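In: Let me see the structure of the following:
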Amino acid sequence: MADDALPLSERYEACMVLSGVGDALGYNHGSWEFERNGEVIHREVAKKGGLARLDAKDFLLSDDTVMHLATAEALTEVGKKGKETLQRLIGELVKKYIECMTDMHGRSAGLTCLSSMNLHSGRLDGDHRIPFNKRGGGCGAAMRAMCIGLRFPSPDQEGHLIAASVESGRLTHHHPTGYLGALAAALFTAYAVRRSPLVEAWGHGLMKVLERAKEYIAQAGHCVDQNLQNCDYFENAWQAYLTERGILDGTGTPRFPDCYGVKERDQFYSRVSFKGWGGSSGHDAPMIAYDALLRAGDSWEELANHGFFHGGDSDSTAAIAAAWWGALHGFRRVPQLNYKRLEYRKRLAEAARQLLQLRSKPFDEDK
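Out: Below is the predicted model:
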């Protein structure tokens, strides 16, 4: 359970900083992100002395956190400039995403993000929309969207959260499987901030919010038919997952297999994935992160075992899961070695501070 005595400021900071920790540990300079056998990763973690002995200074952040910071800093930059609108935010996001592409050495930037930023860099017409992409269902939109939930955590801001996550996502991943992953990452962060119950509210709430997202997609008027015709995969995958766990209707206790070790988790993560690499798509990156959070409770070590160290796209699932965990639990029982010397820790903490200040600020509708 979350600690009700924790100040919101710590939870915001932990959301951003621990997301970076999850990313860095799940990535491990690429050797763990691209290792398809989770048992190999767990053996290597054990050889290093276990999770508590992993020093953040030895782990480089991947493209996930660089782009998450870009999203957060776009949100805060627009927040400093008076009237905030969705179009201003979209423009600032494009600017920050292009800028952050210069900080990708050794960070394994995704090809979809790179190609989309090349497209944006060459445009002079001020139109930030990109064509529908039938291959745009990767997790690159989800991995960077948690901070949107920090900016719009309240139920009455849900419409802004939907618009910001959808549009931030389809700046690079213009396919519902991709950008609806950004919606899930942001929405669950908002649920964590307001401490909505994990079973009763999260998955059940997402299924309801997806209907509002479809309404937004239709209203936004960009490639409407293609988008709406391709929403089913994300929705059906989540419905199947929640049904398997026995929590589709937001009641009950999550059902896990009697034997759910490293090998079994790898098999399950692969099964719910698009093409066998668990966590690499927009639907299953937040799904695996949520699965890890349900299983771990308030144990940082169990969160890492389930969400960081597996034979899939481990840095993305870790970045998402750790953000939610931090928003719930702060830095409670997280070894300081895991985060004190994290690359860009001060930037992450400052972004969190500014998002906390903005959280109740009105967001204007575009006129």
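In: Now for the nearest residue to His29 once chain neighbours are set aside: which residues touch it?
Out: In space, His29 comes closest to Leu60 once its chain neighbours are excluded; the distance is 5.6 Å by Cβ to Cβ, 6 or more residues apart in numbering. Where you see a C-beta, it was placed from the backbone N, CA and C, and this is true even at glycine. Neighbour list for Leu60: 24, 27, 29, 106-107, 343 [criterion: Cβ atoms under 8 Å, 6 or more residues apart in numbering].
In: again, but for Phe132
Out: Under the criterion of Cβ under 8 Å, 6+ apart, the neighbours of Phe132 are 174-175, 223, 226-227.
In: Where does pLDDT dip in the stretch 251-367 of the chain?
Out: By pLDDT under 70, the weakly predicted segments of the stretch 251-367 of the chain are 365-367.
In: show me where it has helices.
Out: Along the stretch 251-367 of the chain, counting by DSSP state H, counting those that start in this stretch, helices occupy 262-271, 284-296, 300-307, 314-329, 345-358.
In: I'd like to know which elements the shortest one is packed against.
Out: Using 3 or more Cβ pairs under 8 Å, 6 or more residues apart in numbering; DSSP states H and E as the contact criterion, the neighbours of helix 300-307 among helices and strands are helix 8-27, helix 284-296, helix 314-329.
In: Give me the contacts around the second one.
Out: This means helix 284-296. For helix 284-296, the external contacting residues (Cβ under 8 Å, 6+ apart) are 139, 142-143, 181, 184-185, 188, 198-199, 202-203, 237-238, 241, 245, 254, 256, 260, 268-269, 272-274, 278-279, 302-303, 305-307, 310, 312-313, 316-318, 320-321, 324-325.
In: For ChimeraX, what selects the buried ones among those residues?
Out: The command below creates a ChimeraX selection of those among the contacts of helix 284-296 that count as buried (16 or more other Cβ atoms under 10 Å):
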select :139,142,143,181,184,185,188,198,199,202,203,237,238,241,245,254,256,268,269,272,273,274,278,279,303,305,306,307,310,312,313,316,317,318,320,321,324,325
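In: thinking again about what came up before, of all the helices of the stretch 251-367 of the chain, which one is nearest Val17?
Out: Smallest distance to Val17 across the helices of the stretch 251-367 of the chain (Cβ to Cβ): 4.9 Å, for helix 345-358.
In: now that closest one, how far from the centre of its chain.
Out: The chain centroid and the centroid of helix 345-358 are separated by 17 Å under Cα atoms, centre = their mean, to the nearest Å.
In: for it, which positions count as buried?
Out: Taking 16+ other Cβ under 10 Å as the basis for neighbour counts, the residues of helix 345-358 that come out buried are 345, 347-352, 354-356, 358.
In: got the angle between it and helix 314-329?
Out: Regarding helix 345-358 and helix 314-329, their directions subtend 50 degrees when assessed with axes from the mean of the first three to the mean of the last three Cα atoms, to 10 degrees.
In: same for helix 345-358, what does it pack against?
Out: Secondary structure elements in contact with helix 345-358, counted by 3+ Cβ pairs under 8 Å, 6+ apart, are helix 8-27, helix 63-79, helix 146-151.
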